[in-house]
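Q: Mind folding the following:
(one chain, ligands or ions: 1)
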Amino acid sequence: MKIIEVNNLTKSYGTNHVLQGVNFHAQSGEIIGVIGKNGAGKSTFLEILMTIKQYDAGTVIVLDENIASLPMNRLEQIRKQISVVLQPTQFYKTLKVEELLKLFKAYYNSNLDIKKIIKEFKLEPHRKKYFDKLSGGWKQIVSLAIVFLSEPKLLILDEPTTGLDPHMRNMLWTYITDYNERTGGTVILTTHNMDEIELYCDKVMLINNGMNEVFDTTESILATGYKSIHEFYLKKVSI
Ligand SMILES: Nc1ncnc2c1ncn2[C@@H]1O[C@H](COP(=O)(O)OP(=O)(O)OP(=O)(O)O)[C@@H](O)[C@H]1O
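A: You can find the predicted model right below:
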């Protein structure tokens, strides 16, 4: 199955030509990091893959379907197989963490054990707290725990580790890699943390000047002589 295939993708906001011919593909089971400087177009690219943002030209195939020509009911079926990190909303104010997880477990018809999720995401001390009263990092952790409840085929995460302390980052990556090994699910994410790309991603796409300047395995990039992905990034991208 073609999880994702993107050819010659372009997207402009007025005269700001953000994506100018991006080519990208993701196979089942891959973990791919999308990198680039602030404003490079990473979130725009991910939102197009999530099928929530219009694009100007090119082909975008998600889970074997060309999303340009799909009727709304088919698009909805595709969206059900994709998980994205939910933004905290007003709606969560009235719910405690455990209640929220139970609600989404029912919504996703998930077989996962809430107690296990609470343990794995280190949420025991917070399970009876109102979501709204949590710190930003813990809200992020709860949002991520909800994402995994759906056991998606394709997981799209925009800067999932931003704002998390080192232990929580480590926990999240353990969970992502475990999910990936267990279910064969594909993960596409953005991060500004090059160590995470080097440690955990199979492939990396660098968006620079609107193009996928590099799209390769982290191993191949390092084999060309860079000491680290961090060094690769600094040498490739100018301020
Ligand atoms: N809805 C929008 N309307 C107009 N311009 C937008 C819109 N969304 C994004 N942009 C612009 O498109 C460019 C790319 O933004 P995007 O958020 O995709 O970049 P990014 O690589 O994710 O950046 P960052 O690393 O800072 O999060 C920026 O110049 C931004 O100002």
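Q: quick one, phi/psi of Phe104?
A: The phi/psi pair for Phe104 (degrees, to the nearest 10) reads phi -70, psi -30.
Q: Can you pull the residues of this protein lying near the ligand?
A: Contact residues (C-beta under 6 Å from any ligand atom) of the chain with the ligand: 13, 16, 18, 36, 38-44. (C-beta placed from N, C-alpha, C; glycine too.)
Q: Among the residues you listed, which lie within helices?
A: The helices, defined by DSSP state H, take in 42-44 from the residues of the chain next to the ligand.
Q: out of those residues, which one sits closest to Ile176?
A: Of all these, Ile176 sits closest to Lys42, with 17.6 Å by C-beta to C-beta.
Q: Spit out the contact partners of the nearest residue to the closest one once chain neighbours are set aside.
A: Sequence neighbours aside, Thr190 is the residue nearest to Lys42 in space, at 4.3 Å (criterion: C-beta to C-beta, 6 or more residues apart in numbering). By C-beta atoms under 8 Å, 6 or more residues apart in numbering, the residues touching Thr190 are 33-35, 42-43, 46, 157-159.
Q: again, 6 Å this time
A: Taking C-beta atoms under 6 Å, 6 or more residues apart in numbering, we find Thr190 in contact with 34, 42, 158-159.
Q: hang on, Gln20 packs against Gly210?
A: Yes: the criterion here is C-beta atoms under 6 Å, and Gln20 meets it with Gly210 at 3.3 Å.
Q: Burial check on Glu120, number of neighbours?
A: By other C-beta atoms under 10 Å, 16 other residues sit near Glu120.
Q: Just the pLDDT at it, thanks.
A: pLDDT recorded at Glu120 is 91.
Q: Check the secondary structure at Val6 for me.
A: Assigned with DSSP: H, G, I helix; E, B strand; the rest coil, Val6 falls in the strand class.
Q: who's in contact with it?
A: Counting by C-beta under 6 Å, 6+ apart, Val6 has contacts 24, 60.
Q: With Phe131 instead?
A: So Phe131 contacts 92, 95, 100 (C-beta under 6 Å, 6+ apart).
Q: With adjacent residues omitted, what lies nearest to the second one?
A: Nearest in space to Leu95, with sequence neighbours left out and distances taken as C-beta to C-beta, 6+ apart, is Phe131 at 5.8 Å.
Q: Quick one: mean pLDDT for the longest helix along the chain?
A: Taking DSSP H as the criterion, the chain has its longest helix at helix 166-183. Computed over helix 166-183, the mean pLDDT rounds to 92.
Q: distance between that helix and the chain's centre?
A: The chain centre lies 13 Å from the centre of helix 166-183; the measure is C-alpha atoms, centre = their mean, to the nearest Å.
Q: List the buried residues for that helix?
A: Going by neighbour count (16 or more other C-beta atoms under 10 Å), the buried part of helix 166-183 is 168-169, 171-173, 175-176, 179-180.
Q: Kindly export that helix (C-alpha atoms) in CSV.
A: Coordinates of the C-alpha atoms in helix 166-183 are reproduced here as CSV (Å, rounded to 0.1, in the frame of the first residue of the first chain):
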residue,chain,number,x,y,z
PRO,A,166,13.9,15.1,28.8
HIS,A,167,12.2,12.2,30.6
MET,A,168,8.9,12.9,28.9
ARG,A,169,10.6,13.2,25.5
ASN,A,170,12.3,9.8,26.1
MET,A,171,9.0,8.3,27.2
LEU,A,172,7.2,9.6,24.1
TRP,A,173,9.9,8.3,21.7
THR,A,174,9.8,4.9,23.5
TYR,A,175,6.0,4.8,22.9
ILE,A,176,6.3,5.9,19.2
THR,A,177,9.0,3.3,18.4
ASP,A,178,7.0,0.6,20.3
TYR,A,179,3.8,1.5,18.4
ASN,A,180,5.7,1.4,15.2
GLU,A,181,7.2,-2.0,15.8
ARG,A,182,4.0,-3.5,17.3
THR,A,183,1.5,-2.3,14.6
